[in-house]
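[1] Everything below, folded, please.
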Amino acid sequence: MSDDFDREEQAFRDAFVQELEGEGFRPLDPDQLKAAAPVRRLPRPWLKGLAAAAAVVLVVGGAGVVLPRLFLAGSAASGSVAAAPAEDRAGAAAGGVSGKDTSDESVPGPAPSGAYAESSDWVATAPSPLTARVGAAAAWLDGSFYVVGGREPETCPAGACPASSQAMVDGAAYDPAADAWVLLPDAPIVVADAAPAVVGSRLYYLGTADGSSVAPAFAAFDAASRTWQRLAAPREGGRLVAAGDRVVNLGSGAAAGQVYDPATDVWSDLPADPWPDTVERSAVWADARLLVFTLRQAEAGKSGARRLAVTALNRSGAGWEKLGTVTARGEDPVAVAGVIAWAAGAHDSVYWVSSSLESSGVVAAEGGGTGLEGLVGVVAGDRLGANGDARNTADLYDFDARTWLRLTAPPGGDEPFQTVAGSPSGLLVVGGDDGSGKVRASFLPLG
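    Next comes the predicted model:
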């Protein structure tokens, strides 16, 4: 009787496993996806007290290092997103990366639910107090765009300007609701060509002490008090990522990077990179955890979409949890409308994965348009800037509505090295000269 029971139990297990393997990566219809992965919006009051109180000591290279538990806090400004898409995003595939490589899975194409709309409602902003510039650092915080630094534009034909070396340290805030600019105090460091990390009421900038220096410099602007503070610099330059109530500076090569604690003004090393063959990495704060996407050596030489290894800081804070791989094309991922998305450029597809890593998909690119340089990867509400190329197209994809919005050029046209910044209410484009020696700026309201 025991043998019969064992045989029946084994048969049941085999059937159950076979059923799971057959169902694991079957595309879901909209109702199934919505039921399987509901949207969870993180609360706006962030758990700063809990995160500050919870710290762990880990050993890096034989020395004890205090590392905050990044998974305990979130920030609206840092790009926290829901656990999964609200709708069946165009091209959903169940299974994501959880425990299995989905890079070879067939992903359905998009199914737009409406017409391809076009927007030409750009307006020139009120005159800016800033002089003409390119490569400014811009970001949105609490009702205003903050535009800082950049370089003086070269006098040359449009589209043929080399990057200027003349750095700038002034800045201004633009309120689109009032159509008004306010001049800011000069920054204590030089910043250009990189958006700041926004945490709480502060914008954190990574730059250099002057235009010719290569050593990293770090500073924060407090939007509430409208004051700058020079801060301890990380060990090396890199890319800033807002992570809860902390700031992460991603390392390059085998160096995993560092995390900054605003309460102590101290940088701590992240755990060692689990991949010895790392070529480059990117990261995003989603679902109250830091997700790192690593391009490894075997994929580095490939063109088109490539597999990225996904890791998350584990609960102990002492290492990384390996989560599998995703397939994507593009550089830095962004959190938008409950998903993590990659926009690669003109005439290219948008790849996305839910922040829970349980579903993924691809949105096919659309051709045409007049172009808007600098739009790729910019988030405006539930829309992602894609196909942003001055010679080809400039489009926004709305993940919630599953539609494309084609953009016409702003009033002054495209400028080389212009800055595009997004907000829930619209897009700001800053760059070049408006003809009076001031920086040209245009705003596109988005409903």
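[2] Can you tell me the SS state at residue 415?
    What DSSP: H, G, I helix; E, B strand; the rest coil gives for residue 415 is coil.
[3] list the contacts for it?
    Shown in contact with residue 415 (C-beta atoms under 8 Å, 6 or more residues apart in numbering): 134, 153, 158, 373, 431, 432, 440. The C-beta positions use only the backbone N, C-alpha and C, and glycine is treated the same way.
[4] can you pull the pLDDT of it?
    Predicted confidence (pLDDT) for residue 415: 76.
[5] How much space separates it from residue 243?
    Plainly put, residue 415 is 32 Å away from residue 243 if you go by C-beta to C-beta, to the nearest Å.
[6] Provide the count of other residues in contact range of the nearest residue to residue 210 once chain neighbours are set aside.
    Spatial nearest neighbour of residue 210, excluding adjacent residues (C-beta to C-beta, 6 or more residues apart in numbering): residue 190 at 5.9 Å. The number of residues packed around residue 190, counting by other C-beta atoms under 10 Å, is 22.
[7] And residue 435, by the same measure?
    9.
[8] And the pLDDT for it?
    So, for residue 435, pLDDT stands at 86.
[9] Just to check, residue 329 is in contact with residue 349?
    Yes - the pair residue 329 / residue 349 is scored as a contact, 6.8 Å apart, by C-beta atoms under 8 Å.
[10] Have a look at the two and say which one is more surrounded.
    More crowded of residue 329 and residue 349, by other C-beta under 10 Å: residue 349, with 24 against 17.
[11] What ranges in this protein fall below the confidence cut-off?
    1-119, 155-165, 254, 346-347, 366-371, 387-394 (pLDDT under 70).
[12] picking that back up, most surrounded residue in the contacts of residue 415?
    Busiest of the contacts of residue 415 [other C-beta under 10 Å] is residue 431, holding 27 neighbours.
[13] OK, contacts around that residue?
    So residue 431 contacts 133, 134, 136, 153, 374, 415, 416, 417, 418, 419, 439, 440 (C-beta under 8 Å, 6+ apart).
[14] what about the helices in the protein?
    2-23, 30-36, 48-53, 297-300 (DSSP state H).
[15] Can you give the contact residues for the last one?
    Counting by C-beta under 8 Å, 6+ apart, the neighbours of helix 297-300 from elsewhere in the structure are 277, 278, 279, 280, 306, 307, 308.
[16] Which single one of the contacts of residue 431 is nearest to residue 181?
    Checking those against residue 181 with C-beta to C-beta, the nearest one is residue 439 at 9.9 Å.
[17] and the closest one, bridged to which residues?
    Going by DSSP bridges, residue 439 is paired in beta bridges with residue 433.
[18] Run a quick check on residue 191 versus residue 205, I expect a contact.
    Yes - Residue 191 lies in contact with residue 205 (C-beta under 8 Å); the separation is 4.5 Å.
[19] thinking residue 293 is in contact with residue 332, fair?
    No - the pair residue 293 / residue 332 is not scored as a contact, 9.1 Å apart, by C-beta under 8 Å.
[20] Name the residue in these two with the higher neighbour count.
    When residue 293 and residue 332 are compared for neighbours, residue 293 comes out ahead with 22 against 16, by other C-beta under 10 Å.
[21] Now do the contacts for the more buried one.
    281, 282, 283, 284, 308, 309, 310, 326, 328, 333.
[22] Neighbour count for these - can I get that in JSON lines?
    JSON lines is the format used below for the contacts of residue 293 (neighbours: other C-beta atoms under 10 Å):
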{"residue": "281", "neighbour count": "24"}
{"residue": "282", "neighbour count": "20"}
{"residue": "283", "neighbour count": "23"}
{"residue": "284", "neighbour count": "25"}
{"residue": "308", "neighbour count": "25"}
{"residue": "309", "neighbour count": "23"}
{"residue": "310", "neighbour count": "22"}
{"residue": "326", "neighbour count": "26"}
{"residue": "328", "neighbour count": "27"}
{"residue": "333", "neighbour count": "25"}
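[23] List the ones among these that fall in strands.
    Counting by DSSP state E, the contacts of residue 293 place 281, 282, 283, 284, 308, 309, 310, 326, 328 in strands.
[24] Among those residues, which pair sits farthest apart?
    Maximum distance among the ones in strands among the contacts of residue 293 (C-beta to C-beta): 14.5 Å, for 284 and 309.
[25] quick revisit: would you mind checking which of the ones in strands among the contacts of residue 293 is nearest to residue 175?
    residue 284 (27.8 Å).
[26] The closest one and residue 333: what is the separation?
    Taken as C-beta to C-beta, the span from residue 284 to residue 333 is 5 Å.
[27] got any residues that touch both of the two?
    Jointly contacting residue 284 and residue 333 under the rule C-beta under 8 Å, 6+ apart are 293, 340.
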